[in-house]
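**Q** Next input, structure requested:
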Amino acid sequence: MKRVYIETYGCQMNVADTEVILGLLGREGYAATDDPGAADVMLVNTCAVRDRAEQRVIGRLGELQRYKRPGVVLGVVGCMAQRLGPTLLEQAPYVDLVIGPDGYRALPELIEGARGGARAAETTFKAWEHYEDIPLERTGRVGAFVTVQRGCDYRCTFCIVPMTRGPERSRRLADVLTEVRRLAAETVTEVTLLGQTVNSYHDGEHDFAELLRAVGAVPGIRRVRFTSPYPTDFTDRVVAAMAEVPAVCEHVHLPAQSGSSRVLKRMGRRYTRERYLECVARLRQAIPEIAITTDLIVGFPGETETDFARTESLVREVGFDGAFTFKYSPREGTGALRLPDAIPDEVAGERLERLIETVRAVARQRNMRLVGSTHEVLVEKLAKRGGLLQTRTRTNKVVLVDGPTDSIGSYLDVRLTGTTGSTFTGVPVPVPVGRELAIWR
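**A** Predicted coordinates for the structure are as follows:
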């Protein structure tokens, strides 16, 4: 049995792509291993959004090379591979393969070539590629990622994704439904629809609202999530589908990036602060219990202290349930590199610390109000500490509860008993009369 070892960095799209790679190599007789020392092929699935992520990969490749022996192949796949291409082969002579997100079909052939000493890079964009015929090898989660859209046509000046993922294209709705029905038959009850700007999905006939309604109607699918949407693509049809389809969860990750309209314009975002807030208002009017999380960048070229204050005030005004916060990371080939007035790293770092404190304070205040309330949770896995189970509410809140491991994959009603400000503790409560406790496996 040939064995493949894969490390995955970055977003959920990369996790989904790892499942494509495992499925493709599985057809060639490979089995996955968690031990790089036992692998015939070692692959690192990479992110290119920030320089720090790339530097981490370079360091990790240096560590993995010690497992190389005659016939063992070391490859880099994903967004960093796409961005650097053959240059990475020059920078890292111990790397045999460099393959971008549209090149995975070539893996078996290139692996065999590498065993004979042929180093190669495959970074051609393929607008038709959705890997429809590849049997995905799921990586053991209770829920499943379903890629519905690849690439991005938006040109935010800070973002490398259009250069690493290619132009936007959507899968046919019928193909998505085939995959979701197969997952439901395998007793998966929660799916997360993936795309770079997922709510701009359109297959030529059907839009994202129709996709939500169709996926939410698949028998056995109890929860539907999606990420990451773009604020101006929340049409009235999409908002209505979110409110009306029972399976669609009451949570949206809505990237803002900045609270300053001036900075948003320099970022190439297609909305102002006011339009973002209008989107939030429409979502909350339609789905009052919705939880909203976001992405925020500080230290973008030209960001003044006033601009930063606008970002902090946006956090308070929206009342985000959480946020991923970052310092701006220059990326070769992006428009922001041409902008003047770079922000010193120490200034950006100090702003990031302040923003994190603001986000935590707002989230803590919102979460404290939930203590004592009862929620349906899906039991996902063993928690990292305390022998507890990690569960998740429909609003994407993580709740730690005590219970047997054979309840993983089941739904429970829990009462929230406390919070650290982000994670909750909870205890199971009796199931309401008329609703059976469903065990889904």
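**Q** count of residues packed around Gly225?
**A** Careful, residue 225 is Arg and not Gly. 21 (other CB atoms under 10 Å). C-beta coordinates here come from the backbone N, C-alpha and C atoms, glycine included.
**Q** Am I right that it falls within a strand?
**A** Yes: assessed with DSSP: H, G, I helix; E, B strand; the rest coil, Arg225 lies in a strand.
**Q** Tell me the bridge partners for it.
**A** Thr192 (DSSP bridges).
**Q** What of Thr393?
**A** Beta-bridge partners, per DSSP bridges, of Thr393: Val377.
**Q** right, and it touches His375 too?
**A** Yes: applying CB atoms under 8 Å as the test, Thr393 and His375 come out as touching, 4.4 Å apart.
**Q** Doesn't Thr293 lie inside a helix?
**A** No: assessed with three-state DSSP, Thr293 is strand; it does not lie in a helix.
**Q** Am I right that it is in contact with Leu254?
**A** Yes: here Thr293 reaches Leu254: they are 7.3 Å apart, a contact under CB under 8 Å.
**Q** Looking at those two now, which is surrounded by more residues?
**A** Leu254 (23 against 19).
**Q** That one and Leu283, how far apart?
**A** Plainly put, Leu254 is 8 Å away from Leu283 if you go by CB to CB, to the nearest Å.
**Q** which neighbours do these two share?
**A** Residues touching both Leu254 and Leu283 by CB atoms under 8 Å, 6 or more residues apart in numbering: Ile292.
**Q** Any stretches of this protein with poor pLDDT?
**A** For the chain, applying pLDDT under 70 flags the ranges 140, 431-441.
**Q** Which parts of it are helices?
**A** Assigned by DSSP state H, the chain shows helices spanning 12-26, 51-64, 79-84, 86-91, 107-115, 161-165, 173-185, 208-216, 236-244, 261-267, 273-286, 305-318, 345-368.
**Q** To Leu339, which of those lies closest?
**A** Proximity to Leu339 (CB to CB) singles out helix 261-267 among the helices of the chain, at 6.3 Å.
**Q** So which other helices or strands are in contact with that closest one?
**A** helix 273-286, helix 305-318 (3 or more CB pairs under 8 Å, 6 or more residues apart in numbering; DSSP states H and E).
**Q** Which positions within the last one qualify as buried?
**A** Put plainly, it is helix 305-318. Neighbour counts over helix 305-318 (16 or more other CB atoms under 10 Å) mark Asp307, Phe308, Arg310, Thr311, Glu312, Leu314, Val315, Val318 as buried.
**Q** now do the first one
**A** With burial defined by 16+ other CB under 10 Å, the residues of helix 273-286 counted as buried are Arg273, Tyr276, Leu277, Cys279, Val280, Leu283, Ala286.
**Q** Can you give the distance from that helix to the centre of its chain?
**A** Distance of helix 273-286 from the chain centroid (CA atoms, centre = their mean, to the nearest Å) equals 23 Å.
**Q** for the last one, same thing?
**A** The chain centroid and the centroid of helix 305-318 are separated by 25 Å under CA atoms, centre = their mean.
**Q** In PDB, list the C-alpha atoms belonging to that helix.
**A** Provided in PDB are the C-alpha atoms of helix 305-318 (Å, rounded to 0.1, in the frame of the first residue of the first chain):
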ATOM      1  CA  GLU A 305      -5.900  56.900  13.400                       C
ATOM      2  CA  THR A 306      -9.300  58.300  12.500                       C
ATOM      3  CA  ASP A 307      -9.800  55.500  10.000                       C
ATOM      4  CA  PHE A 308      -8.800  52.900  12.600                       C
ATOM      5  CA  ALA A 309     -11.300  54.500  15.100                       C
ATOM      6  CA  ARG A 310     -14.000  54.000  12.500                       C
ATOM      7  CA  THR A 311     -13.200  50.300  12.400                       C
ATOM      8  CA  GLU A 312     -13.400  50.000  16.200                       C
ATOM      9  CA  SER A 313     -16.700  51.900  16.100                       C
ATOM     10  CA  LEU A 314     -18.000  49.500  13.400                       C
ATOM     11  CA  VAL A 315     -17.300  46.600  15.800                       C
ATOM     12  CA  ARG A 316     -19.400  48.200  18.500                       C
ATOM     13  CA  GLU A 317     -22.200  49.400  16.200                       C
ATOM     14  CA  VAL A 318     -22.700  46.000  14.500                       C
END
